[in-house]
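1. the sequence isn't on hand, but the structure is:
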DNA sequence: GAGCCGACTTGTGTTGACATGG
DNA sequence: CCATGTCAACACAAGTCGGCTC
C-alpha cells in the first residue's frame, strides 16, 4: 500500500530511513541563524533575569524558531549539519558538534546520581537574596514584571518562612512531606503579600476594544497581539510570525498517485516535488515574500483550489487566519518526520489539503478458549459471546474494581443481557470465574516463557500487519498516526466512582466507523470482509482520520488523530504556548481587574473575579458542568460549598476531587477580600450547593476573552507552569556539572507538577522497595562497623575478627581498610539519597507537565545556555513532539 | 443563554522492553 | 544469566472549549 516503507531502493538519500524510528522525512536547519544566536547569547548568556527579554527583542532574527520550518536549502543531507544547533538524538545527537554557543551539548555524561539530585532538592523558596535580586531585575525592566511570575511564586517570594499553612495542612507530620498531598506541599510555604501590589498598575489599562478590532481585522493572535500596555519591550510580539512562514507550496502530492504507488514512489514523489518547489529562494526571502502578500498569497490560493470543503463562514474575531503551508523545514532532528507548517487550528479553517491514509486496524476476533467457569460449583456452558465477556470479568480479579459494587452491578446487568433471563446463571454471587482466571494466568506465563526469538518474531509479524496503518500522508508529507488501533471490547474502567464502571464496552465494527480522507484519495479498504465503513467524509476543517461513537457514552466520540510528533499537532502546540506567553503581557491588568472586582456589588462579577483569582493562583481547571452519568468531580466553576473550608483569618482549605478523581487538597492564604467573598458565596447554602452559583465556564471564558483575545481558563495553567519553570530555572541554575543542572531542572519540574496537582499512585512495590533499600543500608552499616573494628585491630597489629559466618577474613592493611570504609560510607550515602528521592517523588508525576504544560523552548534554550544535552531532559518521543522548538534562540525566555 | 454536539487536549494507569546489578 | 527496577510507549478516560441550535 501507499505508505509501506519496507523496501526502499533508490531512495533519495534524504528520505532514506536511517533508523528504525518513525523518521522518514528529514528536516534541515539553516545554519545562518545560528550565528546570530551565538552573538546574541554572548551578550546575554549570563543574564537570566528579566533583562533578557529586552535582549531577545533586539535580536537580529526572531527567536530562531523558523529553521524548523524552513526548507532544506542549506544542508541537503540527512545528517545533521555540523553547525546546526538543532537537536537530534541517538545517532544524530552523537554526531552533533559542539560549536557556537547555541549548541545543545550531546549527552555524554551520566545522569546525576539520585543522591546528587537529592542534595539539590532544596526548598523552593531559595535564598531571599537571590529572590530580591531577581525581582529587582524584573523591576528594572518593567514596573509590572512581578506579574510575569506565577502568582504562587510571588506569594512565596514575599515570605519564605511561613510554615503555618503546612502545619494546618499536614495531619500526619511524622516525617518527610511525602505523605502530604501534592497540592499542599507547594503552598505550605506560601504567604500572602505581594499580590495586592500588583494590581495598581493603572497605566496598564489596555484598550480592549482596540485589540478586538485589530483581531477582527485579521491579525491572528499568534501572529501579533496588541500589547495592553506601553511596557518596555520584553520580547518581539510578532516573532511568532516566524512560526508560520508563509513559504508557498507550489505543488501538492497527488494523493491518488501516491496511494496507488509503493512506498518508494511515495517517497520519490515527495522528493521530486521538493525539487521543483521554490527551494532556490532563500528562506528569509520566501518568508518575507509571503508575509507581504497578506493572508492569502497567490500560493495559498493555489493550495486552496485543492480544498475539498469551503471554510465555514463567520469566524470569530480572534480566529486565526489560514496559514500558508511550508513543505519542508530546517530542523535536522531525526524525529522530524514532517516539516511543513500546516494551517493553524482555528475552527472551521482548513487543516489540510490532501489526506491519505489506510483507515484503522481492528482487534482480532474473539478466540473462545472453552474453559468452563463454575456456577454454584458446577461447570457452565457458555456461548463464545458470553464466554468473552465472562473472561473480561475473570481477568480483572486482581484489580480494585472487584471491590466495587457498582462495577459488579454494571457488569452483571450487561452480561445478563447476553446470558438471557432463563440462563442457568442467575446471579453473580454464585459465579466462580477461577478456572478462566487460571487459564488466563497460564496463558500469560506461556507468553513470558517464550524465547527472545519467538517474541521477536511475533512482534515483527504484528508490525507487518500494522505498518500500513501507522502512517498518513498529509499534504504530501508522511506523518505518523496516533492511535490507529480500534479499541478492543472490554469492561469500562471509569476512574473514581464512575457510575458506568463495569459496563460492557462492545466491539467496534467497521459499520461504526466514519473515515475522513481527501476526496480524491482512495477509500481505505475495509479490513473485515463483508463489512463496510459507516461513512466516508472529506472534511478538511478537522484533523481526525476516523471516529466512532463511544460505546459507553454514545454522545461521545473516539477519534483517530495524527501522532503528537506530526506538524499538525506541533503547530497547535506552539500556538498554545504562544498564547500562554501572551498572557504574560496581560496578566498585570487582569490581576488588577479582578482584584477590583473582589468587592463588586454585582455578584456575578464578584464570582468571576474570585474564580479567576483561584485559577490564576492555584492553576485550577475551569470546571465544566458534568452529567449525572459521569464521576462526580469538580473544577473551579463547579466547586461546591463543601469543597472550600474557611480557616480564619484568611486561609482557604480546598478539598475536592478533580479530573480523573484525583484529590486536590491545599490550604492557601488568600487576600482578605477573597476570603470575605467566599464567606458570602457560602452563606445560606447547603454543602452540596455550587459555590459559584452565578457562574459557569462559558461565562468565565467569555469574560476572560474580554481581557485578552483567546484567553480561556486553561491558558492560566499553561502560563503558570511555564513561567514557573522559566523563573526557577533561571534563578536556580548555578555553575556546576551537568548532573547538578539536571537536578535543578527536575526540582523545577517537580514544583510545576505540584502546582498542577499531577499525582501518580504509589507503585505497588514501593513499600517493599523501600524496605529492601533500608535492609541493604543496614547491611552496609554492619559491614562498616566490622570494617572499623578490623581497622582498629589492624592498627594494633591484630588479625581481623572472624566474619559472621565464622570464616577467617583476609588480612588487610589499615590503608586498605580505610579505603573500604570510605567506599562503604559513600555507598550508604548514595543509597540514602536514592531512598529520599524515591520517597519524595512517589506521588508526583513529572511527565504530564513536560508533555502538556511546559513550553519546550524554555527547556531547549536552557539546555543550550547551560550546555546540558537535551536528551537528558526530553526522551525520544518528547524530542519528536517538540521538534518545532529545537531551534529556539538560547536566550529565549517564556 | 442554555444545552448539546463536536473536536481536540490533558491525564493516569498499564504494559512491555530494556537497563542494571548481583 | 536472572531478577528486579525503570521508563517509554501505549491505551483510553476525562477534561476543555468553540460553535450551533433553539
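-> Alright, I've got the coordinates. Values in this document were obtained by computation on a predicted structure and should not be read as measured data. Residues are numbered from 1 along each chain as shown, chains lettered A, B, ... in the order given.
2. next up, the contacts around residue A:469.
-> By Cβ atoms under 8 Å, 6 or more residues apart in numbering, residue A:469 lies in contact with A:357-361, A:481, A:484-485. Any C-beta I mention is one placed from the backbone N, CA and C, and that applies to glycine too.
3. as a markdown table, these with distance to residue A:719 and pLDDT would be great.
-> Below are these laid out as a markdown table (distance: Cβ to Cβ, whole Å; pLDDT from 0 to 100):
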| residue | distance to residue A:719 | pLDDT |
| --- | --- | --- |
| A:357 | 35 | 96 |
| A:358 | 39 | 96 |
| A:359 | 39 | 96 |
| A:360 | 36 | 96 |
| A:361 | 39 | 96 |
| A:481 | 31 | 96 |
| A:484 | 34 | 96 |
| A:485 | 35 | 96 |
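4. nearest to residue A:859 among these?
-> In terms of Cβ to Cβ, no member of these lies closer to residue A:859 than residue A:481, at 26.6 Å.
5. can you tell me the element the closest residue to that closest one other than its chain neighbours falls in?
-> The shortest distance from residue A:481 to any non-neighbouring residue, by Cβ to Cβ, 6 or more residues apart in numbering, is to residue A:472 (5.3 Å). With elements taken from DSSP states H and E, the one containing residue A:472 is strand A:471-474.
6. adjacent strands (with direction) for that strand?
-> Note on strand A:471-474: by DSSP bridges, its sheet partners are strand A:355-357 (antiparallel), strand A:477-480 (antiparallel).
7. ranking those strands by burial, who's on top?
-> strand A:355-357 (a mean of 28; mean count of other Cβ atoms under 10 Å).
8. need the next SSE after it, C-terminal direction.
-> strand A:374-375.
9. helices or strands next to that next one in the packing?
-> For strand A:374-375, the elements it packs on are strand A:431-432, judged by 3 or more Cβ pairs under 8 Å, 6 or more residues apart in numbering; DSSP states H and E.
10. quick check on the contacts of residue A:469: which are buried?
-> A:357-360, A:481, A:484 (16 or more other Cβ atoms under 10 Å).
11. identify the farthest-apart pair in those.
-> A:359 and A:481 (9.9 Å).
12. got any residues that touch both of those two?
-> A:469, A:545.
13. wait, residue A:523 sits on residue A:533?
-> Yes. Counting by Cβ atoms under 8 Å, residue A:523 touches residue A:533, with 7.4 Å between them.
14. once you drop chain neighbours, what's closest to residue A:499?
-> residue A:629 (5.4 Å).
15. what's the spacing between the one you found and DNA strand C?
-> 10 Å (Cβ to the nearest atom of the strand, to the nearest Å).
16. could you report the neighbour count for that residue?
-> By other Cβ atoms under 10 Å, the residues close to residue A:629 number 12.
17. could you do residue A:494 as well?
-> Considering only other Cβ under 10 Å, residue A:494 is surrounded by 24 other residues.
18. in stretch A:845-858, what's buried?
-> Those would be A:845-846, A:848-850, A:853-858, for stretch A:845-858 by 16+ other Cβ under 10 Å.
19. residue contacts, residue A:818?
-> Counting by Cβ under 8 Å, 6+ apart, residue A:818 touches residue A:791.
20. any idea of the mean pLDDT in the helix or strand hosting it?
-> Assigned by DSSP H and E, residue A:818 belongs to helix A:814-840. Summarised as a single mean, pLDDT over helix A:814-840 is 80.
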